[in-house]
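Trainee: What would the 3D arrangement of this be:
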Amino acid sequence: MQTKQYLKNLIQLNFAVLIISTSGTLGRYIELPVPLIILLRALIGGVFLYLFCKWKKLSFKIQKKDRKTIFFSGVLMGLHWITYFISLKLSSVAIGMLSVFTYPIITTFLEPLMLNSKFKKSNLLLGLMVLVGIYFLAPEISLENDQFKAIGFGVFSAFCYSIRNIYMKAKSSEYEGSILMVYQLIIVSVLLSPVFLVYDMNGLETSLPAILILALLTTATGHTLFIYSFRNFSISTASIISGVQPVYGIIIGMIVLGEYPALSTIFGGVMILGTVLIESIRNFKE
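Mentor: Alright, predicted model coming up:
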């Protein structure tokens, strides 16, 4: 019985990761300006999650000392999404997702600096492995090359996501994950609201089904299920399993968009994901 429950929890966690993995394909598929996509994603997803939290009767109260941190985290979340989607638009699902998935290693470098924790020398080797992986992703080092620019945006997106996660780490034990996500989505929506005045809304009608999937399935449902998986698994275990996210994303991109990664991209991806797996397993053992 216990084994059956564990397998059920494992399937639920993998399902959450699979749902979140659809962001890469949707980012490539939706033919709207990136800021507009992110605004609609945050706005629709935020409303859905707000109603979910009201239904669950969760408290929205945030202590005054935490408001600046949560606001800054929302800004970083918005920057992460925008630069990630720019990366996807410039390249492919594979390049965009693999570039962003450098965030676990970036976190291992930033965490000691931001939280005054001990830096591990072995992280230098892991960082070097990631750099080698990025080198194989890039066809040439040139600002005129879209793929090179895409990797730059992807790594910057990972940088923003890493800082956001470090700031949220302490707050996740004080507040419900869904509540924190609602506030971040509200912040992104408010900051990007002028986008409605800047961009033409042409093409919104045809893109609306994909935007609804991105907002309701990928953002609200996927992230909520992933947060709830922490009840059944440690964060380290969940992180190890989430390492398959780019793999799921690339497979979805191959099926839906017909995008097949080059051999150099596969090799670079193996280097990056291998490094992430090593770091996740090490944290799990500790």
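Trainee: Make sure Val75 is actually in contact with Ile187.
Mentor: Yes: here Val75 reaches Ile187: they are 6.7 Å apart, a contact under Cβ atoms under 8 Å. (Glycine included, C-beta is placed from N, CA and C.)
Trainee: Comparing the two, which shows the higher neighbour count?
Mentor: Ile187 (21 against 15; other Cβ atoms under 10 Å).
Trainee: Please name the nearest non-neighbouring residue to that one.
Mentor: Closest residue to Ile187 apart from its sequence neighbours, by Cβ to Cβ, 6 or more residues apart in numbering: Gly74 at 2.9 Å.
Trainee: Who are the packing partners of the helix or strand containing that neighbour?
Mentor: If you go by DSSP states H and E, Gly74 is part of helix 67-90. Judged by 3 or more Cβ pairs under 8 Å, 6 or more residues apart in numbering; DSSP states H and E, helix 67-90 is in contact with helix 22-29, helix 34-55, helix 93-100, helix 146-171, helix 177-192.
Trainee: tell me which helix or strand of this protein sits lowest on mean pLDDT?
Mentor: Within the chain, no helix or strand scores below helix 235-242, which has a mean of 64 by mean pLDDT, DSSP states H and E.
Trainee: about what we covered before: quick one: distance of the helix holding Gly74 to the chain centre.
Mentor: Centroid separation between helix 67-90 and its chain, computed with Cα atoms, centre = their mean, to the nearest Å, is 10 Å.
Trainee: List every C-alpha atom in it, with coordinates, as PDB.
Mentor: Listed next in PDB are the C-alpha coordinates belonging to helix 67-90 (Å, rounded to 0.1, in the frame of the first residue of the first chain):
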ATOM      1  CA  ARG A  67       6.700  43.300   1.600                       C
ATOM      2  CA  LYS A  68       9.900  44.700   0.000                       C
ATOM      3  CA  THR A  69      11.300  41.200  -0.500                       C
ATOM      4  CA  ILE A  70       8.100  39.900  -2.100                       C
ATOM      5  CA  PHE A  71       7.900  43.000  -4.400                       C
ATOM      6  CA  PHE A  72      11.500  42.600  -5.500                       C
ATOM      7  CA  SER A  73      10.900  38.800  -6.100                       C
ATOM      8  CA  GLY A  74       7.900  39.700  -8.300                       C
ATOM      9  CA  VAL A  75      10.100  42.100 -10.300                       C
ATOM     10  CA  LEU A  76      12.700  39.300 -10.700                       C
ATOM     11  CA  MET A  77      10.000  36.800 -11.700                       C
ATOM     12  CA  GLY A  78       8.800  39.200 -14.500                       C
ATOM     13  CA  LEU A  79      12.400  39.800 -15.700                       C
ATOM     14  CA  HIS A  80      12.900  36.000 -15.700                       C
ATOM     15  CA  TRP A  81       9.900  35.300 -17.800                       C
ATOM     16  CA  ILE A  82      10.400  38.100 -20.300                       C
ATOM     17  CA  THR A  83      14.100  37.300 -21.000                       C
ATOM     18  CA  TYR A  84      13.300  33.500 -21.100                       C
ATOM     19  CA  PHE A  85      10.600  34.100 -23.700                       C
ATOM     20  CA  ILE A  86      12.900  36.400 -25.700                       C
ATOM     21  CA  SER A  87      15.400  33.600 -25.700                       C
ATOM     22  CA  LEU A  88      12.800  31.200 -27.000                       C
ATOM     23  CA  LYS A  89      11.800  33.600 -29.800                       C
ATOM     24  CA  LEU A  90      15.400  34.100 -30.900                       C
END
